[in-house]
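Peer 1: generate a structure from the sequence data that follows.
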Amino acid sequence: FVACVLVLVAGGCSPAKTAPSKATLRPIVLPDLSRMEKPVQEQMREAYATLTKKIDAGGTPPADLAEAYGEMGNLLMAAEYLDAAEPCYLNAQTLAPGERRWPYYLGHVYRTKGEPAKAAQAFGRALEIAPADVATLVWLGQVSLDRGRPETADQLYGRAIAVQPQSVAALAGQGRAALASREYARAA
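Peer 2: Below is the predicted model:
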């Protein structure tokens, strides 16, 4: 026992990773779907039933459960139920912390809700996972502009252009950042 503890303290081995417990995941509540078309209601209910089944099964691999939470979040976000989509993406991110999609989509939820600081944090997390992802760089640049940080936006757009020189979104964004910095010639 003492030898094992010494090995752990010295960093010789790491404890086994365990999946997050049910207690650490946020509850998912299906919103009122009565205003939706019947086929969309059915699609939502089917996705929710699939998610619930995977949650209740107990042995679902974290990656599969993350995918189910994420898919439910995608449907909710597409239907503009942003408050209901948020915990889906947070749970997916908890279960699959190395997957860029979940913080990226969460950034869009926050951006759409008018919460630029949270959007920047979520897009920043996605960028940590995939530093050369042009879409994430562009959206984080936009959020930086929205927050009155044109220098940061300019750097992000520049990184996106370095990866994808013909990115219209990145080029236009860099022009907006230059305009916000009153660098009119460069903006043009």
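
Peer 1: any idea how far Pro76 lies from Arg186?
Peer 2: Actually, residue 76 is Leu. It isn't Pro. Distance, Leu76 to Arg186, by CB to CB, to the nearest Å: 41 Å. Glycine gets a C-beta too; all of them are placed from N, C-alpha and C.

Peer 1: Lys54 now?
Peer 2: Taken as CB to CB, the span from Lys54 to Arg186 is 51 Å.

Peer 1: more neighbours, Leu76 and Arg186?
Peer 2: Neighbour tally, Leu76 and Arg186, criterion other CB atoms under 10 Å: the higher count belongs to Leu76, 25 against 13.

Peer 1: now do the buried residues in the lengthiest helix in the chain.
Peer 2: Criterion DSSP state H: the longest helix present in the chain is helix 38-57. Within helix 38-57, the residues scored as buried using 16 or more other CB atoms under 10 Å are Met44, Ala47, Tyr48, Leu51, Lys54, Ile55.

Peer 1: ok, now stretch 57-71?
Peer 2: For stretch 57-71, burial by neighbour count (16+ other CB under 10 Å) applies to Thr60, Pro62, Leu65, Ala66, Glu67, Ala68, Tyr69, Gly70.

Peer 1: list of residues touching that stretch?
Peer 2: Stretch 57-71 has contacts (CB atoms under 8 Å, 6 or more residues apart in numbering) with 19-20, 28, 47, 50-51, 54-55, 88-89, 91-96, 99, 101-102, 105.

Peer 1: show the buried residues in the residues you listed.
Peer 2: The neighbour count (16+ other CB under 10 Å) marks 19, 28, 47, 51, 54-55, 88-89, 91-96, 99, 101-102, 105 as buried among the contacts of stretch 57-71.

Peer 1: ok, the most centrally placed residue in the chain to Ser167 distance?
Peer 2: For the chain, the residue nearest the mean C-alpha position is Pro103 (1.5 Å; CA atoms, centre = their mean). From Pro103 across to Ser167, the span is 21 Å (CB to CB).

Peer 1: do Pro61 as well
Peer 2: The gap separating Pro61 from Ser167 is 36 Å, by CB to CB.
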